[in-house]
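**Student:** model this:
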Amino acid sequence: MAQKQAFKGLLHGVQKGFNSVAPYVLAELGAAAVLHSGIEHGYAAASDAAKNVAFYGSLGLFNAGVLYPVAQESAGNFVRVLLKVPKARKFVLPKNVKTAGLAGLTALGLVAEPVREASAVACEQVYDDVTDFVHFTPHDFYHSGKEESTLEKALSGPGDHTLEQDITAYVNSLRDKGLARPRGVEDYSIFVKDLHSGKVIANIHPDAQRLAASTNKLYVLLAAEHEVVAKKLDYDAKLKSNLQEMIVHSNNSSTDYVIDRIGGANKVNAIVQDYGFDDTTIEKINAAQTGGRTLGNKTSAADLADYFEQLYKGEFPRSSDMRRILAIDGGSGHLDKLVDRNCIPTNKKYLKKTGGYVETVEDKTGYIWGANNDAGILTAHFYEPRTNVETVVPYEVILMINDEDAKPDNFRPGVWGRAKSTTNRVISGLIYDRIQEDYSSLKSACAKGDKK
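**Tutor:** Here you go, the predicted structure:
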């Protein structure tokens, strides 16, 4: 009996806490989502700093002007006072009804894709901005002084061993601090090539077959363009729209639609194999059954590297249309890990100030629980002050982190995907800094630890 009473008391306490806190949490998330979306779309040309000031300033006013007064009065009293309802008519929801309603609203937010996406992006901004103050930057890991024997030798074939060792030292430091899991549970594949000079910059586990996540959509795009040129597929308005949705917003329904238009997954795989991508397997996503976490979509850093080099050289059918689609900015809902929210400048004003900037990114991200990938071509401009020469340098970057045991919420610093997005952004900064060294004597923004 005592145990039963204790359990009921605990349950009552949890319910009371949920009913008290949930309305404010939901209001905060809703306000952040609306503000973030409105600022991103309404002030697209504004700087990141201006957007951050607007976002946090507006959120602060919302808290001070709405949530604080409501919290002081309680939601029921606040509404009653606001509407001037006599106290005698005060209506209080039964606790169970209130719990069910709040749980329903939470479930609706998780199920409704636009709400879920907007809230997740707003939360990710807050999370990233907070962790920026405590997370490691590329500068922290330059020439860390660790003995080479303590590094995990993940090197394969040609590559810049200094950069590879810097990346490996960075990953090791995360593992030492519990921010990354051991080798064999969480593994990395990285490939970088300077397409201007033809020099391979990093080549870490390129041949390991990994979970592709949404980078599989790159191969679906190739298969579709192949069939268009072969006159087996009409490039009508619906196909064009779904190709863009598939790449720009990573829409799973659009991906399955395109696969069906081509003739099914087997047909897509046959086309992909004909192009020599032997490590790659494509299957439909069927998001309603899989939740988007398809473990059968596989590829390798080597295949993705070959893909982007062929695309850069114009060797694919309708390469220019593919590059056009890949260059479209997905907006705040689909940030890349190559330049967004990291140290790499994306404005020409940095050219002579820090020696370079990235003008365009043509890429595809991929994220499911257990895979956090980004692959693409960055077009950088570098400046050498001693000769007053500006060099345009396209380079390809393939970043793949796999942990097939990852769950949505069991990684210590927060959601696994967000932690790995930060890791990929730091690695991209290391890469950018290393490439700039070949073209400029100025110290890059990433080497200086600058924030955009």
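**Student:** those strands in this structure, which residues are they?
**Tutor:** In the chain, the strands defined using DSSP state E lie at 187-194, 199-204, 209-211, 298-300, 356-368, 371-384, 389-402.
**Student:** Turn these into a markdown table, columns for mean pLDDT, distance to residue 320 and mean neighbour count.
**Tutor:** Every residue, glycine included, has its C-beta placed from N, CA and C. Shown next, in a markdown table, are the strands of the chain (pLDDT from 0 to 100; distance: least, Cβ to Cβ, whole Å; neighbours: other Cβ atoms under 10 Å):
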| stretch | mean pLDDT | distance to residue 320 | mean neighbour count |
| --- | --- | --- | --- |
| strand 187-194 | 96 | 21 | 25 |
| strand 199-204 | 94 | 26 | 22 |
| strand 209-211 | 95 | 29 | 22 |
| strand 298-300 | 97 | 23 | 24 |
| strand 356-368 | 95 | 11 | 23 |
| strand 371-384 | 97 | 13 | 24 |
| strand 389-402 | 97 | 15 | 22 |
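**Student:** closest to residue 64 out of those strands?
**Tutor:** Among the strands of the chain, the nearest to residue 64 by Cβ to Cβ is strand 356-368 (34.8 Å).
**Student:** Parallel or antiparallel, which strands does that closest one pair with?
**Tutor:** strand 371-384 (antiparallel) (DSSP bridges).
**Student:** Now do the strand it pairs with against strand 389-402, angle only.
**Tutor:** 170 degrees (axes from the mean of the first three to the mean of the last three Cα atoms, to 10 degrees).
**Student:** just the angle between strand 371-384 and strand 187-194, please?
**Tutor:** Put simply, strand 371-384 runs at 30 degrees to strand 187-194, going by the same axes, to 10 degrees.
**Student:** one step back: can you lay out the strands of the chain as JSON lines showing distance to residue 284?
**Tutor:** Converted to JSON lines, the strands of the chain look like this (distance: least, Cβ to Cβ, whole Å):
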{"stretch": "strand 187-194", "distance to residue 284": "24"}
{"stretch": "strand 199-204", "distance to residue 284": "31"}
{"stretch": "strand 209-211", "distance to residue 284": "16"}
{"stretch": "strand 298-300", "distance to residue 284": "14"}
{"stretch": "strand 356-368", "distance to residue 284": "15"}
{"stretch": "strand 371-384", "distance to residue 284": "17"}
{"stretch": "strand 389-402", "distance to residue 284": "21"}
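**Student:** And these: which comes nearest residue 289?
**Tutor:** Evaluated over the strands of the chain, closeness to residue 289 peaks at strand 356-368, with 14.1 Å, by Cβ to Cβ.
**Student:** May I have that closest one as CSV, with CA atoms only?
**Tutor:** C-alpha atoms of strand 356-368 as CSV (Å, rounded to 0.1, in the frame of the first residue of the first chain):
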residue,chain,number,x,y,z
GLY,A,356,39.7,34.6,-48.8
TYR,A,357,36.0,33.8,-48.8
VAL,A,358,33.7,31.2,-50.2
GLU,A,359,31.4,32.5,-52.9
THR,A,360,29.2,29.5,-53.7
VAL,A,361,28.3,26.1,-52.2
GLU,A,362,26.8,23.3,-54.3
ASP,A,363,26.1,20.5,-51.9
LYS,A,364,23.7,18.0,-50.4
THR,A,365,23.4,17.3,-46.7
GLY,A,366,22.4,14.0,-45.2
TYR,A,367,21.1,13.3,-41.7
ILE,A,368,19.4,10.5,-40.0
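**Student:** what's the closest of the strands of the chain to residue 244?
**Tutor:** Evaluated with Cβ to Cβ, those place strand 356-368 nearest to residue 244, the distance being 12.4 Å.
**Student:** Which residue is the nearest non-sequential neighbour of residue 194?
**Tutor:** residue 395 (4.9 Å; Cβ to Cβ, 6 or more residues apart in numbering).
**Student:** same check, this time on residue 244
**Tutor:** That would be residue 325: by Cβ to Cβ, 6+ apart, it lies 5.7 Å from residue 244.
**Student:** burial measure for that neighbour, as a count.
**Tutor:** Residue 325 is flanked by 18 other residues according to other Cβ atoms under 10 Å.
**Student:** any idea how far it is from residue 239?
**Tutor:** Computed with Cβ to Cβ, to the nearest Å, the distance linking residue 325 and residue 239 is 12 Å.
**Student:** swap in residue 212?
**Tutor:** Residue 212 is 22 Å from residue 239, by Cβ to Cβ.
**Student:** Give me the more crowded residue out of those two.
**Tutor:** Legend: neighbour count by other Cβ under 10 Å for residue 212 and residue 239, higher for residue 212 (32 against 19).
**Student:** The more buried one reaches residue 298, doesn't it?
**Tutor:** Yes. Shown here, residue 212 and residue 298 form a contact pair, counting by Cβ atoms under 8 Å, at 5.6 Å.
**Student:** any residues in contact with both of these two?
**Tutor:** Common neighbours of residue 212 and residue 298 are listed as residue 280 (criterion: Cβ atoms under 8 Å, 6 or more residues apart in numbering).
**Student:** wait, what's in contact with residue 226?
**Tutor:** By Cβ under 8 Å, 6+ apart, residue 226 lies in contact with 271, 316, 317.
**Student:** Please name the nearest non-neighbouring residue to the first one.
**Tutor:** Spatial nearest neighbour of residue 271, chain neighbours left out: residue 223 (4.3 Å); criterion: Cβ to Cβ, 6+ apart.
**Student:** which residues sit in contact with the one you found?
**Tutor:** 262, 267, 268, 271, 272.
**Student:** Could you find the closest non-adjacent residue to the last one?
**Tutor:** Nearest-residue entry for residue 272: residue 219, 4.9 Å, with adjacent residues in sequence omitted and distances by Cβ to Cβ, 6+ apart.
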